[in-house]
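Asker: Dropping a prediction and its sequence here:
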Amino acid sequence: MIALSLAEIAEVVGGQTHDIPDPSVLVTASVVRDSREVQPGSLFVAFVGERADGHDFARQVVEAGAVAVLGSRPVGVPAIVVDDVQAALGALARHVVRRLGATLVALTGSAGKTSTKDLIAQVLRRKAPTVFTPGSLNNEIGLPLTALSATEETKFLVLEMGARGIGHIRYLTGLTPPRVGLVLNVGTAHIGEFGGREQIAQAKGELVESLPPADEGGTAILNADDPLVRAMASRTKAKVLFFGESDEADVRAENVRLTDSGQPAFRLRTPSGASDVTMRLYGEHHVSNALAAAAVAHELGMSAEEIATALSEADSLSRWRMEVTERPDGVTVVNDAYNANPESMRAALRALAAMGRGRRTWAVLGKMAELGDEALAEHDAVGRLAVRLNVSKLVAVGGREASWLQLGAYNEGSWGEESVHVSDAQAAVDLLRSELRPGDVVLVKASRSVGLESVAQALLATGTEGEVAAR
C-alpha cells in the first residue's frame, strides 16, 4: 500500500478522528476488512454484517498491529469515524489510484472473468510488477480493497468488475477509472436479476463508456465473436481492439485444437506477430480467455512470443475452477464447483467430453442460480447437452433444478440408468464411492450456493472413507 497518514485518510474520507494521539502516524501495510488479515501498520475497515459487526474486533486488531479502525462509530481505540464506511472505502481507493503511476486494466463479462483476470495478471507480471483482484472480489468492497493493495512499484493494476444491475459497473469505474477496458461476453448469468441479455449488455458496456478517448490512451478490448459485445464499439471514444476466433479479430486464434488431455492449443496471431500456445488449463473455452489476455498484453507492449510463452506457462490461480486432480487409482476429479451459469456449464461439459475420450465420464451437476424465468429451459438444455456429448452418467444433485437437469437428459436421449437424481452432496458422494472405477473422469459443478466442492474434496480425500464427509 502507498503510505498515508491518518490525518490524510480522515480528510480524504470526510471522517472524524477519535482516540488518535498522533494523526501523523502512517498506515503502511494493507487495508483489510478481515481481522485475521491484520498486520502491523494495517488499517482495519469495520463493516456491520448480518453475522458479525467489525467494530466488535476493534481492540483485537489494534493489539495485532492495526494503526486504526475505519468505522461508523467510536470504538475506544484509534479510529476514523464516517457516516458510510463503504463510501469512505471507495473514496480512499479513488484517492490512491489517482496517485499511482500504474496502468489500470478493468474487465467484465458474464462468464470467465476470474479465469481471464488470472491469465492477464500472469502475463503482465512478466513485464512489470502487477497487482490484481484476488479470487472473485469484484464488487464495491472487494474492488477498492484490491486497489488499495497497490504500491509505488505497481505498474499494472488488473481489476475484475462484477455487476448485478444497471449502474454497478459505472460506480466501480468511478472509484478506479481504467485506461484499458475488456468485455468478455454477454451471457445469461444473473439474467433473473437483469431481466434479459440486452439489459446485461447495457450494464457491461458501462465499462467501455468510462474509458478515456483514444488520443488520451483509452483502449476498449472487445470480443469479436459475441455480437452484443462487438456492438459496444459504438459506445466508446477509446481505441477499439477486437479479439476472437473470427477473421475480423485483431488478436485471434488459428488451428484451435485440444490435446489428448483436454488442454487447448492454438496459433496466436497478433498485429505484431504470431506464436504457438499450448495451455496448462483445461477446456476449449480457455481459448477465448487467453485471446482476451493476449489482447491486453499486446496493447501494453508485449510481443506475440512473450505472450505465447506466458500463456503456455499460466496456471489456475483461483480455487475450484477446473481444478484437475488424478487419484492414485486413476480416477480424475475435475472440481469446477466455484460457480455455474449456462455458458460455463456448457463449457465444462465440453471439457469433460474432451478429457474423457475412451473413458467413463460423470457429470455431477447442481443448480444454476439467478436465472429467473429462464431457469427451467436452461437446466433442461444442460441435461440435453450431457446426452449429446455422450457423458456416461449424469448425477443431478439437489431439488427442483436438479430434477430439471435429469428431465432434460431423459427427454433428449430417453436416459434411464445413465442419469440419477440425488438429494444432496453426501448422497452424491455415497453413490460415486460405490460406483467409480479406475480411469473414470468426474466433473463437479454448480452455483456457489450449492457447495458441491465438498463432493470433489470427499472424492479426493485420502485414507479411510470416513475421514472427509461432504457437507
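Answerer: Nice, thanks for sending it over. Residues are numbered from 1 along each chain as shown.

Asker: Name the residues of the lowest-mean-pLDDT helix or strand in the chain that come out as buried.
Answerer: Within the chain, no helix or strand scores below helix 191-194, which has a mean of 77 by mean pLDDT, DSSP states H and E. Residues of helix 191-194 classed as buried by neighbour count (16 or more other C-beta atoms under 10 Å): 191, 194. For the C-beta atoms, the positions are set from N, CA and C on the backbone; glycine is no exception.

Asker: contact partners of that helix?
Answerer: Residues from elsewhere that reach helix 191-194, judged by C-beta atoms under 8 Å, 6 or more residues apart in numbering: 164, 165, 166, 197, 200, 203, 370, 371, 372, 373, 374, 375.

Asker: Now a PyMOL select for only the buried ones of those residues.
Answerer: Selecting only the buried entries of the contacts of helix 191-194 in PyMOL, with 16+ other C-beta under 10 Å as the criterion:
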select buried, resi 200+203+370+371+374+375
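
Asker: I'd like the contacts of helix 191-194 written out as JSON lines, with secondary structure, distance to residue 126 and pLDDT added.
Answerer: Output for these, formatted as JSON lines (DSSP: H, G, I helix; E, B strand; the rest coil; distance: C-beta to C-beta, whole Å; pLDDT from 0 to 100):
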{"residue": "164", "secondary structure": "coil", "distance to residue 126": "34", "pLDDT": "86"}
{"residue": "165", "secondary structure": "coil", "distance to residue 126": "36", "pLDDT": "90"}
{"residue": "166", "secondary structure": "coil", "distance to residue 126": "37", "pLDDT": "93"}
{"residue": "197", "secondary structure": "helix", "distance to residue 126": "36", "pLDDT": "88"}
{"residue": "200", "secondary structure": "helix", "distance to residue 126": "33", "pLDDT": "93"}
{"residue": "203", "secondary structure": "helix", "distance to residue 126": "32", "pLDDT": "95"}
{"residue": "370", "secondary structure": "coil", "distance to residue 126": "36", "pLDDT": "88"}
{"residue": "371", "secondary structure": "coil", "distance to residue 126": "39", "pLDDT": "92"}
{"residue": "372", "secondary structure": "helix", "distance to residue 126": "42", "pLDDT": "90"}
{"residue": "373", "secondary structure": "helix", "distance to residue 126": "45", "pLDDT": "89"}
{"residue": "374", "secondary structure": "helix", "distance to residue 126": "41", "pLDDT": "91"}
{"residue": "375", "secondary structure": "helix", "distance to residue 126": "42", "pLDDT": "94"}
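
Asker: As JSON lines, the contacts of helix 191-194 with distance to residue 235 would be great.
Answerer: Listed next are the contacts of helix 191-194 as JSON lines, based on distance: C-beta to C-beta, whole Å:
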{"residue": "164", "distance to residue 235": "20"}
{"residue": "165", "distance to residue 235": "18"}
{"residue": "166", "distance to residue 235": "14"}
{"residue": "197", "distance to residue 235": "16"}
{"residue": "200", "distance to residue 235": "14"}
{"residue": "203", "distance to residue 235": "12"}
{"residue": "370", "distance to residue 235": "25"}
{"residue": "371", "distance to residue 235": "26"}
{"residue": "372", "distance to residue 235": "25"}
{"residue": "373", "distance to residue 235": "27"}
{"residue": "374", "distance to residue 235": "25"}
{"residue": "375", "distance to residue 235": "30"}
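
Asker: between the contacts of helix 191-194, which is nearest residue 111?
Answerer: residue 200 (11.1 Å; C-beta to C-beta).

Asker: Run through the residues that contact that closest one.
Answerer: 110, 186, 187, 188, 189, 190, 191, 194.

Asker: again, but for residue 394
Answerer: Taking C-beta under 8 Å, 6+ apart, we find residue 394 in contact with 362, 363, 365, 383, 386, 405, 406, 409, 415, 418, 419, 420.

Asker: Just these: which are in strands?
Answerer: 362, 363, 365, 419, 420 (DSSP state E).

Asker: what about the strands in the stretch 1-150 of the chain?
Answerer: 4-5, 16-18, 26-27, 31-32, 43-45, 68-71, 79-81, 103-108, 130-132 (DSSP state E, counting those that start in this stretch).

Asker: which stretch among those comes nearest residue 229?
Answerer: Among the strands of the stretch 1-150 of the chain, strand 103-108 sits nearest to residue 229 (C-beta to C-beta), with 10.2 Å.

Asker: Now do the domain split for this structure, please.
Answerer: 4-82, 100-313, 323-460 (automatic domain parsing).

Asker: what's the neighbour count on residue 207?
Answerer: 26 (other C-beta atoms under 10 Å).

Asker: Residue 432 too?
Answerer: If we define neighbours as other C-beta under 10 Å, then residue 432 has 22 of them.

Asker: correct me, but it touches residue 362?
Answerer: Yes: in this structure residue 432 lies within contact range of residue 362 using C-beta atoms under 8 Å: 7.0 Å.

Asker: which residues do these two both contact?
Answerer: In contact with both residue 432 and residue 362: 395, 442, using C-beta under 8 Å, 6+ apart.

Asker: for the strands of the stretch 1-150 of the chain, which one sits closest to residue 349?
Answerer: Closest approach to residue 349 among the strands of the stretch 1-150 of the chain is made by strand 103-108 (24.4 Å; C-beta to C-beta).

Asker: Just list the residues touching the residue nearest to residue 62 when sequence neighbours are not counted, thanks.
Answerer: Once flanking residues are discounted, residue 62 sits nearest to residue 77: 4.4 Å by C-beta to C-beta, 6 or more residues apart in numbering. Residues in contact with residue 77 (C-beta under 8 Å, 6+ apart) are 19, 58, 59, 62, 68, 69.
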